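Chemist: predicted structure and sequence below. I'll ask about it afterward.
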Amino acid sequence: MKIINTKDTNFNEEFENIQARAKSDIKGVSSIVMNIIDEIVTDGNEALKRHISKFDKWEVGSDENLLISLDDMKKAYENIDDNLKKSLHMAYDRIKAYHEKQLPKSWLDFEENGTILGQKVTAVDRAGLYIPGGKAAYPSSLLMNAIPAIVAGVKEIVVCTPTPNNEVNELLLAACYLCKVSKVYKVGGASAIAAMAYGTKTIPKVDVITGPGNIFVATAKKLVFGEVNIDMIAGPSEIGILADETAKPHYLAIDLLSQAEHDEMASSIMITTCDEVATLTSKEVEEYLKNLSREEIARKSIEERGAIIVASSMEEAIKLMNEIAPEHLEVMTKNPFELLPYIKHAGAIFLGENTPEPIGDYIAGPNHTLPTGSTAKFYSPLNVENFMKKSSIISFSKNAINELGEACAILADTEGLTAHAKSVRVRLEK
Ligand SMILES: NC(=O)c1ccc[n+]([C@@H]2O[C@H](COP(=O)([O-])OP(=O)(O)OC[C@H]3O[C@@H](n4cnc5c(N)ncnc54)[C@H](O)[C@@H]3O)[C@@H](O)[C@H]2O)c1
Ligand SMILES: N[C@H](CO)Cc1c[nH]c[nH+]1
Ligand SMILES: [Zn+2]
């Protein structure tokens with residue numbers, strides 16, 4: 001794995017390249033995705049079928065074959081073995097408990113003059129979850145997307161997921177059954193995002209699309225934003241690690257690979273203050289790579305988008321990491337909590353050597369759908385509020401309008417909006 005030092009003369013250039021790669025080049029992808037969206041808008045189900053044939057390699061035939069039946073979901077749930085069912089339920093319960101703490105409340109405030117102000121929180125009617133499935137199926141992502149929607153009170157949850165070669169992941173179906181998903185469609189990529197944004201004969205238009213996916217999915221979500229709401233840009237996975245001389249190189253190496261194995265476009269970057277930790281970690285990465293089931297994907301990701309940076313101080317390391325703003329950040333230092341106040345930008349922060357990133361992918365409780373490509377600078381993890389919106393509540397008594405009305409009308413006059421001013425003044429007592 002490539003090691004670079006902040007003292008190298010070409011460091012700034014190298015660092016810019018690292019950042020650019022982590023942001024994933026969407027230039028080449030945007031035009032492809034725009035064409036896919038156009039086709040879905042124009043041709044609906046027929047375009048979906050063409051894309052499935054091209055990318056997922058199966059022939060759909062009639063429209064109803066796009067849909068997985070509730071009966072299949074039920075059977076899948078009933079047939080999973082007991083240990084797996086136990087793990088699924090444990091994850092479900094922990095994720096639910098965490099997200100219940102996020103529920104925003106409606107509220108009303110009563111002022112003395114008779115003004116009542118407040119906020120009403122309402123769930124969206126229909127949510128569309130994208131669950132990736134190109135290179136691997138992600139039942140865990142189903143839990144992470146469906147549970148906050150359930151907690152928010154969304155009545156209709158639909159799922160789109162690709163089924164390469166028409167092979168459906170049974171645990172994903174079992175998870176859909178557990179989460180009472182209304183409909184599951186065997187559609188993936190940008191086509192699925194376009195179908196949920198605009199609707200087709202079979203797939204309903206939704207109010208919000210959430211969920212992670214590859215570069216095509218992430219770009220499509222960006223392009224349909226406004227037609228529907230989206231949660232964030234959750235593209236190819238990323239890990240950043242801050243490590244000092246106390247960190248264990250074999251932990252660091254396997255944690256870097258944990259995200260590299262997701263996608264050739266995943267990015268794994270460690271910044272350490274210790275030369276020796278850097279060298280040993282790089283060697284451990286090579287060793288672990290040989291035994292991975294997805295060696296080819298992980299190797300490409302590490303070679304093209306991985307890096308170990310040796311910094312002169314932890315202060316410098318944190319500054320660089322805040323620039324990268326990784327999806328996941330592991331802090332593998334002697335006193336990780338001491339660094340927490342200085343960490344500004346990361347989707348999820350994992351503190352201490354017993355907190356590997358994958359514990360957050362499956363069972364800890366917080367959401368694993370997280371902002372990527374430096375968007376952790378302004379996006380938050382997927383949460384209950386992504387499935388809700390707020391309405392303001394305003395009610396004035398006679399007293400209240402008498403007290404505040406003239407000030408309001410004066411402001412309206414200065415904007416030249418006489419109907420606004422009059423609408424208030426006609427209610428004022430002379
Ligand atoms: N950020 C997160 O929270 C998070 C969570 C889980 C997974 N992930 C990421 O999700 C991604 C999953 O990717 P995946 O590929 O396995 O599955 P995916 O479901 O995201 O994508 C598969 C679909 O991509 C489309 N596609 C593939 N090649 C294409 C091409 N050349 N042109 C147009 N469309 C094409 C096809 O429609 C295919 O069905 C990975 O990058 C993984 O790192 C991210
Ligand atoms: N690490 C991924 C988010 O980037 C989520 C995931 C699901 N399964 C395994 N990992
Ligand atoms: Zn993962």
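Modeler: Sure, I can see it. Ligands and ions are numbered 1, 2, ... in the order given.
Chemist: so which bits of the stretch 251-400 of the chain are right by ligand 1?
Modeler: Contact residues (C-beta under 6 Å from any ligand atom) of the stretch 251-400 of the chain with ligand 1: 262-263, 266, 327, 368-370, 372. Just so you know, the C-beta spots here come from the backbone N, C-alpha and C atoms, and that holds for glycine as well.
Chemist: 8 Å - rerun?
Modeler: Applying C-beta under 8 Å from any ligand atom, we find that the stretch 251-400 of the chain lies next to ligand 1 at 259, 262-263, 265-266, 327, 347, 361, 368-372, 382.
Chemist: most neighbours out of the residues you listed, which is it?
Modeler: E327 (31 neighbours; other C-beta atoms under 10 Å).
Chemist: hmm, it is touching G347, no?
Modeler: Yes. Distance between E327 and G347: 4.4 Å, which falls inside the contact criterion (C-beta atoms under 8 Å).
Chemist: need the overlap of contacts for those two.
Modeler: 370-372, 376 (C-beta atoms under 8 Å, 6 or more residues apart in numbering).
Chemist: can you give me the buried ones in the worst-scoring helix or strand of the chain on mean pLDDT?
Modeler: Ranked by mean pLDDT, DSSP states H and E, the weakest helix or strand in the chain is helix 11-22, scoring a mean of 88. Residues of helix 11-22 classed as buried by neighbour count (16 or more other C-beta atoms under 10 Å): 11, 14-15, 18-19, 21-22.
Chemist: name the nearest of these relative to ligand 1.
Modeler: Nearest to ligand 1, judged by C-beta to the nearest ligand atom, of the buried residues of helix 11-22 is A22 at 12.5 Å.
Chemist: quick one: which helix or strand includes S392?
Modeler: strand 388-395 (DSSP states H and E).
Chemist: now that strand: mean pLDDT?
Modeler: Average pLDDT, strand 388-395: 98.
Chemist: what packs against it?
Modeler: Under the contact criterion of 3 or more C-beta pairs under 8 Å, 6 or more residues apart in numbering; DSSP states H and E, strand 388-395 touches strand 116-123.
Chemist: could you list every helix and strand that the strand it packs on packs against?
Modeler: strand 107-110, strand 388-395.
Chemist: give me the number of residues near the closest residue to K205 other than its chain neighbours?
Modeler: Leaving aside its sequence neighbours, K205 sits nearest to G199 (C-beta to C-beta, 6 or more residues apart in numbering; 3.4 Å). Counted by other C-beta under 10 Å, the residues lying close to G199 total 15.
Chemist: repeat for the one 5 residues further on
Modeler: Residue neighbour count, defined by other C-beta under 10 Å, stands at 16 for P204.
Chemist: which SS state does it fall under?
Modeler: Following DSSP: H, G, I helix; E, B strand; the rest coil, P204 is assigned to coil.
Chemist: now do it against I349, distance only.
Modeler: Relative to I349, P204 is positioned 37 Å away (C-beta to C-beta, to the nearest Å).
Chemist: in the sheet, who's paired with the closest residue to D109 other than its chain neighbours?
Modeler: In space, and not counting its chain neighbours, D109 is closest to L117: 5.1 Å by C-beta to C-beta, 6+ apart. Per DSSP bridges, residues listed as beta-bridge partners of L117: D109, I394.
Chemist: pull the contacting residues for L117.
Modeler: 108-109, 111, 392-395.
Chemist: domain assignment for the protein?
Modeler: As assigned by automatic domain parsing, the chain contains the domains 3-24+236-364, 27-235+384-388, 396-425.
Chemist: of all those, which one is nearest ligand 2?
Modeler: Closest to ligand 2 of the domains of the chain, according to C-beta to the nearest ligand atom: domain 3-24+236-364, at 3.4 Å.
Chemist: before we move on, back to that, which of the helices and strands packed on strand 116-123 is buried the deepest?
Modeler: Mean neighbour count, computed with mean count of other C-beta atoms under 10 Å, is highest for strand 388-395 among those, reaching a mean of 12.
Chemist: helices or strands next to the helix or strand just after that strand in the packing?
Modeler: Next in sequence after strand 388-395, counting helices and strands by DSSP H and E, comes helix 398-414. When contacts are defined as 3+ C-beta pairs under 8 Å, 6+ apart, helix 398-414 packs onto helix 418-425.
Chemist: rewinding a little: go ahead and confirm the residue nearest to K205 touches Y185.
Modeler: No. Assessed by C-beta under 8 Å, G199 is found out of contact with Y185, at 11.9 Å.
Chemist: gap between D56 and A317?
Modeler: From D56 over to A317 the distance is 42 Å, taken as C-beta to C-beta.
Chemist: residues making contact with stretch 45-57?
Modeler: So stretch 45-57 is contacted by 36, 39-40, 43, 58-60, 63, 66, 134, 162-166, 186-189, 191, 195, 200-203 (C-beta under 8 Å, 6+ apart).
Chemist: how far does that stretch sit from the chain's center?
Modeler: 25 Å (C-alpha atoms, centre = their mean, to the nearest Å).
Chemist: follow-up on the earlier one: D56 and A317: which is more packed in?
Modeler: Set D56 next to A317 and count neighbours by other C-beta under 10 Å: A317 wins out with 24 against 21.
Chemist: and ligand 2, is the strand or helix carrying the more buried one touching that?
Modeler: Assigned by DSSP H and E, A317 falls within helix 314-324. No. Judged by C-beta under 8 Å from any ligand atom, helix 314-324 makes no contact with ligand 2; its nearest approach is 14.9 Å.
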